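> just the structure for this:
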Amino acid sequence: MGGGDKQELPGSVLFLCGMNSVRSPMAEQLARRLLPRSIFVASAGVRAGERDPFVDAVLAEKEMTLGERQPQMLEDLEDSYFDLIVTLSPEAHHAALELTRSLAVNVEYWPTADPTDVRGTREQILDAYRGVRDRLETQLKARFGATKRSRTAG
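Just a heads-up that it's a prediction; the model follows:
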C-alpha cells in the first residue's frame with residue numbers, strides 16, 4: 001500500500017478474510033460499487049462463517065446490500081485464479097500466500113480490524129462496523145483510484 005501510486009487495474013480481485021461474514025463481503029460490495037464492471041470481484045473466507053446482520057445494517061446505510069449472498073469458503077469458489085488477492089486478516093494472508101506460492105498472483109495485505117471483537121451498546125458495535133466499512137472504502141479508492149462508476153449501485 002504505497003503512496004498515491006495508482007497501479008494498473010486487475011481483471012479480477014478476491015477479498016479474503018477469516019470467515020467471509022464481515023470484512024471481505026463488505027470489501028466485495030464496496031468494490032462492486034467503485035470499480036468498473038469489467039473487473040470480476042469476489043470474496044471468500046478461509047473457514048466457514050455465518051452471515052452477520054450488522055454488515056447488512058451498515059451496508060444499507062450506503063444503499064448497498066448483500067442480497068441473498070451467504071458466506072463462502074475459498075474452496076467453494078468456481079474459479080480460484082485471480083489477478084489480485086486482497087487479504088484482510090493475518091489468517092487469510094497466510095492462506096493466500098500458501099495458495100499462490102506457485103502462481104503469478106499479486107497478494108496484498110490490508111490489515112483490517114475485526115469489529116466482532118467490539119462490545120458495548122448496539123450503536124457502539126455499529127460504529128465499529130462503520131469504521132471497517134469506511135476504512136475499506138478509503139483503501140479501495142487509494143488503491144484503485146476514483147474510477148468511473150460504471151457499475152450500478154446495489
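
> nearest residue to the middle of this protein?
Ala27 (2.7 Å; C-alpha atoms, centre = their mean).

> return the distance of that one relative to Gly120.
Separation of Ala27 from Gly120 (C-beta to C-beta, to the nearest Å): 24 Å. For every residue, glycine as well, the C-beta is placed using N, CA and C.

> ok, now which ones touch the residue nearest to the centre of the chain?
Applying C-beta atoms under 8 Å, 6 or more residues apart in numbering to Ala27 gives the contacts Phe15, Ser43, Val86, Leu88, Leu136, Leu140.

> save those residues as JSON lines, and put in secondary structure and pLDDT too.
Formatted as JSON lines, the contacts of Ala27 follow (DSSP: H, G, I helix; E, B strand; the rest coil; pLDDT from 0 to 100):
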{"residue": "Phe15", "secondary structure": "strand", "pLDDT": "98"}
{"residue": "Ser43", "secondary structure": "strand", "pLDDT": "96"}
{"residue": "Val86", "secondary structure": "strand", "pLDDT": "98"}
{"residue": "Leu88", "secondary structure": "coil", "pLDDT": "98"}
{"residue": "Leu136", "secondary structure": "helix", "pLDDT": "98"}
{"residue": "Leu140", "secondary structure": "helix", "pLDDT": "96"}
